[in-house]
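>>> my questions are about this predicted structure, shown below with the sequence.
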Amino acid sequence: MARIVSFARYGGPEVLQFEDIDVATPGSREVRIKVKAIGLNRAESMWRTGVYVEPVHLPARLGYEVSGTVDAVGADVTHVAVGDMVSTVPSFSMNDYGMYGELVLAPAHAVVKHSKPLSFEDAVSIWNVFITPYAAFTENGRVAAGNSILIPAASSGVGIGAIQIANLIGAVPIALTRTSAKKEQLLEIGAAHVIATDEQDLVAEVMRITEGKGADFVFDPVGGPNFPKLIAATAYAGTVLVYGELSPEVTPLPMLQVLAKRITIHGYNLFSTTTTPELQKAAVDFILDALAEGKLKTTIAHRFKFDDIIEAHRVLEKNQHLGRIVVSV
């Protein structure tokens with residue numbers, strides 16, 4: 001028997017509950033993992049409240065990213081073996097697999113072996129955080145060296161990853177955060193500039209930094225009423241890539257500015273990369289190599305025990321942390 005987390009109705013963190021279940025023997029293309037750490041994602045909060053990009057089949061499990069050791073493998077699995085340290089890449093539906101648990105099944109294609117030293121906490125702080133911006137910036141050559149990138153919600157896990165990836169490809173990361181409280185930390189992480197949007201004029205600051213041109217690229221997980229300001233701060237023929245909806249409010253679209261400035265707006269998620277084997281491998285290899293060389297670093301904001309998963313979700317939803325929330329099992 002192993003404890004897992006599930007929910008039978010939509011709602012706040014309090015709907016999460018522990019269950020004792022028998023975890024099945026892995027299918028031919030599955031891996032069973034003894035979990036050591038869980039990395040929380042905002043997507044899991046949205047899943048729990050029923051507002052994610054796919055419908056939830058209740059009762060449901062949840063969780064994308066865990067690290068641990070291989071407990072058993074299916075007959076067709078050859079890239080990992082019992083005892084290996086592994087982590088999981090978000091590349092599956094949570095209707096099919098949920099990673100919040102002491103012992104879990106994962107699809108083999110989502111399981112990555114760690115052959116170089118990496119802590120369990122670090123191993124759950126890298127995939128969504130770094131693959132999301134890596135693929136977004138490099139896919140189809142969207143971002144070139146020297147381009148300026150606006151990064152709203154820069155203190156989030158993906159925001160911090162975006163700052164680091166931008167620097168690796170030679171772009172100029174401009175971090176957006178609500179107040180100046182996290183400014184020094186964001187500069188230390190690698191932001192070229194930090195704009196406190198509640199304290200400064202966002203558009204004026206972007207124009208000052210870019211010498212009147214505007215940002216070449218906007219990487220937005222928020223939407224909401226501030227979206228027109230991002231459009232106003234975007235350069236002529238610039239790109240706005242939307243990868244989330246953290247704001248619960250309606251997102252206005254200033255059509256005339258979009259038309260006049262010939263701005264391209266894309267919707268994006270990392271699954272087109274993580275579910276395509278050759279793209280996933282390229283992203284994984286890039287990130288593991290950069291970590292080994294010290295070019296990428298994890299940032300962990302809070303640590304919780306498995307018993308405190310509900311409180312961990314409460315902290316996740318406050319959107320006040322800088323970095324990753326990690327749960328040890």
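Yes, it's here.
>>> Lys213 reaches Thr234, doesn't it?
No - Lys213 is beyond contact range of Thr234, at 9.9 Å (criterion: Cβ atoms under 8 Å). C-beta coordinates here come from the backbone N, C-alpha and C atoms, glycine included.
>>> okay, those two: which has more neighbours?
Thr234 (26 against 14; other Cβ atoms under 10 Å).
>>> for that one, name its beta-bridge partners.
Ala215 (DSSP bridges).
>>> for it, what are its contacts?
150, 214-215, 218, 240, 261, 263 (Cβ atoms under 8 Å, 6 or more residues apart in numbering).
>>> would you mind measuring from it to Leu202?
The gap separating Thr234 from Leu202 is 11 Å, by Cβ to Cβ, to the nearest Å.
>>> show me the strands in the stretch 201-329 of the chain, by range?
215-220, 234-242, 264-267, 300-305, 324-328 (DSSP state E, counting those that start in this stretch).
>>> again with the stretch 51-200 of the chain
60-61, 65-73, 85-88, 103-107, 111-113, 148-151, 172-177, 193-196.
>>> quick one on the thing from earlier: as a markdown table, the contacts of Thr234 with neighbour count, distance to Ala135 and pLDDT would be great.
Below are those laid out as a markdown table (neighbours: other Cβ atoms under 10 Å; distance: Cβ to Cβ, whole Å; pLDDT from 0 to 100):
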| residue | neighbour count | distance to Ala135 | pLDDT |
| --- | --- | --- | --- |
| Leu150 | 29 | 18 | 98 |
| Gly214 | 23 | 24 | 98 |
| Ala215 | 24 | 20 | 98 |
| Val218 | 27 | 16 | 98 |
| Val240 | 20 | 17 | 97 |
| Lys261 | 17 | 25 | 97 |
| Ile263 | 20 | 21 | 97 |
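>>> state the pLDDT value of Lys116.
For Lys116, the model assigns a pLDDT of 80.
>>> pretty sure Gly63 contacts Ser93?
No - using Cβ under 8 Å, Gly63 makes no contact with Ser93, being 12.0 Å away.
>>> the two: which is more packed in?
In this view Gly63 and Ser93 are compared by other Cβ under 10 Å, and Gly63 has more residues nearby, 26 against 14.
>>> and the pLDDT at that one?
So, for Gly63, pLDDT stands at 98.
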